[in-house]
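Asks: Return a 3D structure for these sequence lines:
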Amino acid sequence: MNSAGILAEAFERIHGTVHATVEGLAPDMLNARPDDDANSIAWLVWHLTRIQDDHVSDAAGTEQVWFAQDWASRFELPLPEGSTGFGHSSEQVASVTVTSGDLLLGYYDAVHEQSLAFIHGLDGRALDRVVDEAWSPPVTLGVRLISVLSDDLQHAGQAAFVRGALERRQAGPVRA
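Replies: Just a heads-up that it's a prediction; the model follows:
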């Protein structure tokens, strides 16, 4: 397996976790927060998708799916149009709600597809290309993609945990 294959496999694992977490949930569960300052499944999946869209499209030199396919207007969020969730306050987190899992997964799948198309075209040498000189040392494409994967895996896992916690809360206490 080459480096592009390894990266694609990692992104596919995120895809599986996101779908397993979101599918079958009603909007009230997607938008629920375990406590007043916690992240909802909707916010976690939206945020991991926005970060992937923002970072991968920048590295690929393509327009973000958020803008190119008009997802910004479909979500109708009371946030700046380019918001990714980075640095969000508790109030901003609460404002990210969805009317269905289909909306959330539609955007996620479109970003996933664009990311994989870019990744499948890479070779090992491409991963050494500097994509951000604002850091010391400068960030290469390989480091940027690993950063996106790490962030996405953490947030997908958090979303799965939130789903489990909400489902247990909804089921009530277990009686022996």
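Asks: C-alpha only now, for contacts and for neighbours.
Replies: Noted.
Asks: Pull out the buried positions in the helix ranked longest in the chain.
Replies: When the chain is scanned for its longest helix (criterion: DSSP state H), the result is helix 141-171. Residues 141-145, 148-149, 152-153, 155-160, 162-163, 166 are the ones in helix 141-171 that count as buried (16 or more other CA atoms under 10 Å).
Asks: what lines up beside the helix or strand of the chain with the lowest mean pLDDT in the sheet?
Replies: None of the helices or strands of the chain scores lower by mean pLDDT, DSSP states H and E than strand 130-132, at a mean of 92. Listed by DSSP bridges, the sheet partners of strand 130-132 and their directions read strand 139-140 (antiparallel).
Asks: what comes into contact with the strand it pairs with?
Replies: Here strand 139-140 makes contact (CA atoms under 8 Å, 6 or more residues apart in numbering) with 127-133.
Asks: Which residues does the least confident helix or strand of the chain contact?
Replies: Contacts of strand 130-132 (CA under 8 Å, 6+ apart): 59, 138-141, 144.
Asks: Measure how far that strand is from the centre of its chain, please.
Replies: How far strand 130-132 lies from its chain's middle: 21 Å, per CA atoms, centre = their mean, to the nearest Å.
Asks: Okay, buried residues for that strand please.
Replies: The neighbour-count check on strand 130-132 (16+ other CA under 10 Å) flags 130-131 as buried.
Asks: I am finished for the moment; much appreciated.
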